[in-house]
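Participant: Below are the sequence and a predicted model; questions follow.
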Amino acid sequence: MFRLAVKNLAANAVRLALTALAIVLGVGFVVSSFVLRDGLKDSFAGLSEEIVQGTDLLVTTFDADSDDPLTDTDLALLNDLDGVRVAEGSLSGFDNSIQPIKPDGTTIGTNGPPQIAFAWTVDEVLNPTTLVAGRPPTNPMEWAIDIDAAAKHGFVEGETYEFVTPVGNRSATLVGTFRFGEDNTTNGATLMAFDLQTAREFFSSPAGEWDDISISIDGTVPVPELQETVAVTLGNEPGSTSRVDFDPDVDGAEIESFDLDDVGTDRVLVQNQADVAAETAAQFNAGIDLFGWVLLGFALISLFVSIFIIANTFSIVVGQRIRELGLLRAIGATPAQIRRSVIIESFLIGLAASVVGIGAGIGLAYGLSALLGVLGIPLPPFDIILSPLTIIVALAIGTVVTVISSLLPAVAASRTSPIAAISGSIETTEKSARRYIFGGIFTLGGAGLLGLALFVFGGTSSTLTGLGVGAAALFVGLTLLSPLAAGPLSRGLGLPLETALAKPGQLAKENAARNPRRTASTASALMIGLSLVSMALVLGASIKKEIKQTFEAGLQADYIVNTQAFDIPDEAIQRIDDDPMFTAVTGVRLWGVDLENEVVVDGEPVDGETSGTGVAALDFSVAEQLFNVGTTDGSLSAIDNDSVGIDDSLADRYGLGLGDTVRMVLDNGDVAELEVVAIFTEEVLLAPLLVTVDRYEQISDQPTSDFAAALKADSVSTADADARFAELGEDYPNLEFQSAAEARETFSGFVDDFTSLLSALLGLAILIALVGIANTMALSVFERTREIGLLRAVGMTRRQSRRMIRWEAAIISAVGAILGAAIGLGLGALLVAAIPDDILSTFSVPWARIAILVLIASVAGLISALLPAFRASRLNVLDAISTN
Amino acid sequence: MAITETTNQVATGPMAAGTRGATKIYGDGDTQVVALNEVDCSFAAGQFTAIMGPSGSGKSTLMHCLAGLDRLSSGDAYIGSTALSQLSEKDLTILRRTKIGFVFQAFNLVPTLTALENITLPADLGKGSIDQAYLDQVIKAVGLEHRLGHRPSELSGGQQQRVAVARALSSRPDVIFADEPTGNLDSQTGGEILDFMRRAVTDFGQTIVMVTHDPVAASYTDRALFLNDGRIVNEMHEPDTDSILAAVRAAAQS
Ligand SMILES: Nc1ncnc2c1ncn2[C@@H]1O[C@H](COP(=O)(O)OP(=O)(O)O)[C@@H](O)[C@H]1O
Ligand SMILES: [Mg+2]
């Protein structure tokens, strides 16, 4: 049987090449997700090591916001210890919080690699950077930048540049350029070093306090011993030196489990160089892993889709070989032998295609990285790393998927009766009730599981598993059922073609409808791909509608300031406030906070997660002028330092009414008791809990606003106010000063960007679906050689025959696209229903977009059939006539 | 046209189709096969001609080249006064659609189309209009009035061949080529088809060229040409079964 399988492969090489292409693409996508992940990890691992070059021990506090920070006193104690050569404090700002204004008047932007600001480290060993030109930034208002960023953005030594900082716009003179590590491997980030005084001002860092302390040893005391000494010196219990071993291969999730509870009363964490590097790498890896998983998820969707394509091809090929199989049966091959030969054949194809897929995956990794760049998510440079694990997974997954796809066709082949050798009936159009029963069971089961996952399951992993398995079952079920719709749909879609294209149109229609099962199987992959895309479109449209409603109902302000970096300095808001054209303005700060209130149901306390909730702080003297939060009880203007306003759903959750007490955990661990003085319904302020800015400062040290809103004076014309507002924004190129309508567009734009990204990642699955259509069309043309020859003999032109094939493919694609869009609408509705109402309560169907999507898919299907159509038109007419 | 000088032409009317020095060579070198060797022939309008000869003598090749399905290696084939070698692939297709009718041994019909749609297929493929009265006459003559909405899979072999003949007639072509049209049928059904073709020639003035190796089938024709080794070796007018059998034997020995 093995020899037979190999012979079949050789005989059908061309036909099978297209089948293999589906596997190559699917496996390629999987490989590229691994290759990208490994490559990025590797490049960040190098970065992590270079960051801690020269630092032998690193001292940090457990909580960055602790009210017991590292101080100059600690630093002095450490510098006096035996074994310490030098200890130096360091300061660093949040990524992207300090944005230099480039010579062209713009900022670098926050989509790409981050802009990282820090205070210049004086000790040359501790300093991970090396000065290349100029001098170090050691005088007030001086800075230095890494050489690549300087060249890329056009910063020149000796010039003074302005910065948008959390404390307002500031200027500093560029005095030098440096490189990071040996080759300035910043992975695209912009590194900026400031002198200590300037850094303290920019970062709002109190004098005498440090974010962490780096120690360089002199080698006289062994590292573990010194580590213990340092910890005890700074107040830890003897023996409790907090050393956490980070395994860089472990997911970043591990790091979160590491919190105050685990370390008891320790004041500081003292880590050696290897641990710091590992922890840094683990933090990078957490992000990279997430990225890898997302890519892998989309790759698995592609593979799932290719299962349908491959199974379809195998069953067509088996059908076309029915005579040969019948002959084998007639001369004594057992059903098991036939089955085995088909499975061996698929195994060999799967293996070969997976090998090619590994190569394709490397190319695809570059392609994906370029695509993400186009979509505004540039990846840092990476090396191609093809690990043995990747190779094994790729080979296994590609082969297994192919073999699974061949199982049903193999069983069908084994059922061939010896008489088929004589009758050679190719088209098996028997309607099997079993198919539809199974289809029904899978569809209902899958839908049920999806419903459970969305509405009932709690945990993330059980929800995700439920969604994945449920969706897979649903798609299998719907594919089994789809022949029921494929026939009528093909005829309906073909009707206009019959009018427009006359006979070739009618033939295209009849051909698409003649074997609904084949049409349905061929269209199934496209159906799945498009259902996911249209689900994303429905979700996006619903979110956009929600945004629109929120803006219309909740926003009375005329102007909005927002930023992707979520850092609007008070200075910028003050500028608006000072301008007589604007009567009211407030910044809105957002953060998260824990509450200690009990969850209440029907007045009775119950067990429930009292986890964090969002909190917003703003100026309540103008809040009601700018926002319509739908206050039902009390008033926002009543909120002071001892009171809060809360959203009605939060009030329900904790059983709170006016006058009741919210117990809010502050940064220093204290619990503030705040009286409820306002209850509102609209979450236009993006948080269910409202506090004053003073209160807010006890839970967050973020000195900036996340957005701001302003109202123009009645006496000022809209045009004048628009112009003035835009002018105010000129000094803050990283912020967007927009009218309310523009701001709404911006938010909608984010949603569109997201749906584009999803669609692009689903693009490969759709490409595979199109390959499947091309493949079926090629097989159909082969199968209908005589028929096409006959048509040509009685006067069909080549052009007409091409048209007939192309439009058949277009109809099949349209069937898949329409079914997919319908399913996507259903899934989208389910998803929107599952999202809690206070996040998303509107449902909207983007009909025009979905119609365009269906149209594009149909045209793509038509294009995919260009080659089969060309082959059909070149068929030897005599083949139809030569009797055999 | 020079073709009228052809020796074995019988002038019952103007020439509907013919060849001049028709040579068809398959393959090259050692495997070269001369399927047609300098064949000159002519088929008069309104005549029913049988092409006979042993297997491999070149019958089908001759027919294919005459019908514009295949091209000659040298020489030329004519439909009316049109030299086929001068035509582009597209013109050849249109010529097949408008000037030629086909009846093949098997697989004559498009399975997705009804009997009627199959009959009108050549006209529908072009923009040509159908002579409805003539079409009704043809359909009636083949006795298909009640089968027009059926698909080929719902028709018997004989019915299918009748649909095929009706299709060939429907566009009133200059000439109909039939390749063993009764080869797959029992003798009675075959007889009905041949009767019908005979009547198409007699009643409608149709020109038919039929390849067959069956002397009974050839006896329905006005004239039989005998091929051997790619050459015309004999010709017979108003043939009957016995004379054909004799000629076939003679041809096999030549
Ligand atoms: N496509 C082809 N390639 C090579 N040889 C061919 C081809 N078609 C026909 N022949 C050869 O040409 C000769 C005539 O064939 P054909 O016209 O089919 O004969 P007939 O129809 O009289 O049986 C035969 O020897 C046949 O083998
Ligand atoms: Mg023949």
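Facilitator: Thanks, I have it. Ligands and ions are numbered 1, 2, ... in the order given.
Participant: switch to C-alpha atoms for all contacts and neighbour counts from now on
Facilitator: Fine.
Participant: Report the spatially nearest residue to the residue in the stretch 151-300 of chain A that chain B sits nearest to, omitting neighbours in sequence.
Facilitator: Residue nearest to chain B within the stretch 151-300 of chain A (CA to the nearest CA): residue A:300, separated by 38.6 Å. Residue nearest to residue A:300 in three dimensions, not counting chain neighbours: residue A:30, with 7.1 Å by CA to CA, 6 or more residues apart in numbering or on different chains.
Participant: Just give me the neighbour total for the one you found.
Facilitator: 31 (other CA atoms under 10 Å in any protein chain shown).
Participant: and what of residue A:564?
Facilitator: Per other CA under 10 Å, the neighbour tally for residue A:564 reads 15.
Participant: which residue is nearest the centroid of the chain?
Facilitator: All of this refers to chain A. The residue lying closest to the centre of chain A (CA atoms, centre = their mean) is residue A:294, at 6.1 Å.
Participant: ah, no, chain B please
Facilitator: Nearest to the geometric centre of chain B sits residue B:177, at 1.5 Å (CA atoms, centre = their mean).
Participant: what is that residue paired to in the beta sheet?
Facilitator: For residue B:177, the beta-bridge partners under DSSP bridges are residue B:102, residue B:209.
Participant: ok, it touching residue B:60?
Facilitator: No. Using CA atoms under 8 Å as the test, residue B:177 is too far from residue B:60 to be in contact (10.2 Å).
Participant: got any residues that touch both of these two?
Facilitator: Residues touching both residue B:177 and residue B:60 by CA atoms under 8 Å, 6 or more residues apart in numbering or on different chains: residue B:211.
Participant: quick one: least confident helix or strand in chain A?
Facilitator: For chain A, the helix or strand with the lowest mean confidence is helix A:253-256, at a mean of 40 (criterion: mean pLDDT, DSSP states H and E).
Participant: For chain A, which residues score under the pLDDT cut-off?
Facilitator: Scanning chain A for pLDDT under 70 picks out A:1-5, A:8-12, A:14-15, A:63-66, A:240-265, A:420-431, A:565-566, A:608-611, A:838, A:880-884.
Participant: Chain B contacts on that one?
Facilitator: Remark: the part of chain A in contact with chain B comprises A:502-504, A:507, A:510-511, A:514, A:786-787, A:790-798, A:877-878, A:880-881, A:883, using CA under 8 Å from any CA of the partner chain.
Participant: Buried ones among these?
Facilitator: A:502-504, A:507, A:510-511, A:514, A:786-787, A:790-798, A:877-878, A:880-881 (16 or more other CA atoms under 10 Å in any protein chain shown).
Participant: Contact partners for the residue nearest to the centre of chain A?
Facilitator: Listed by CA under 8 Å, 6+ apart, the contact set of residue A:294 is empty.
Participant: Can you tell me the SS state at it?
Facilitator: helix (DSSP: H, G, I helix; E, B strand; the rest coil).
Participant: go on, residue A:541?
Facilitator: Residue A:541 ends up helix, using three-state DSSP.
Participant: There's contact between it and residue A:840 in this structure, I believe.
Facilitator: No. Residue A:541 lies out of contact with residue A:840 (CA under 8 Å); the separation is 11.1 Å.
Participant: more neighbours, the two?
Facilitator: residue A:541 (23 against 18).
Participant: Next one: the more buried one from residue A:123, what distance?
Facilitator: As judged by CA to CA, to the nearest Å, residue A:541 and residue A:123 stand 55 Å apart.
Participant: Pull the distance from stretch B:234-248 to the chain's centre.
Facilitator: 19 Å (CA atoms, centre = their mean, to the nearest Å).
Participant: Quick check: buried residues in that stretch?
Facilitator: Applying 16+ other CA under 10 Å to stretch B:234-248 flags B:234-236, B:239-240, B:244, B:247-248 as buried.
Participant: which residues touch the residue nearest to residue A:471 when sequence neighbours are not counted?
Facilitator: Excluding the flanking residues, the one nearest residue A:471 by CA to CA, 6+ apart is residue A:446, at 6.0 Å. When contacts are counted by CA under 8 Å, 6+ apart, residue A:446 touches A:469-475, A:477.
Participant: Throw these into CSV and include secondary structure, neighbour count and distance to ligand 1, thanks.
Facilitator: Shown next, in CSV, are the contacts of residue A:446 (DSSP: H, G, I helix; E, B strand; the rest coil; neighbours: other CA atoms under 10 Å in any protein chain shown; distance: CA to the nearest ligand atom, whole Å):
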residue, secondary structure, neighbour count, distance to ligand 1
A:469, helix, 17, 55
A:470, helix, 24, 55
A:471, helix, 21, 53
A:472, helix, 21, 50
A:473, helix, 23, 51
A:474, helix, 26, 51
A:475, helix, 27, 48
A:477, helix, 24, 48
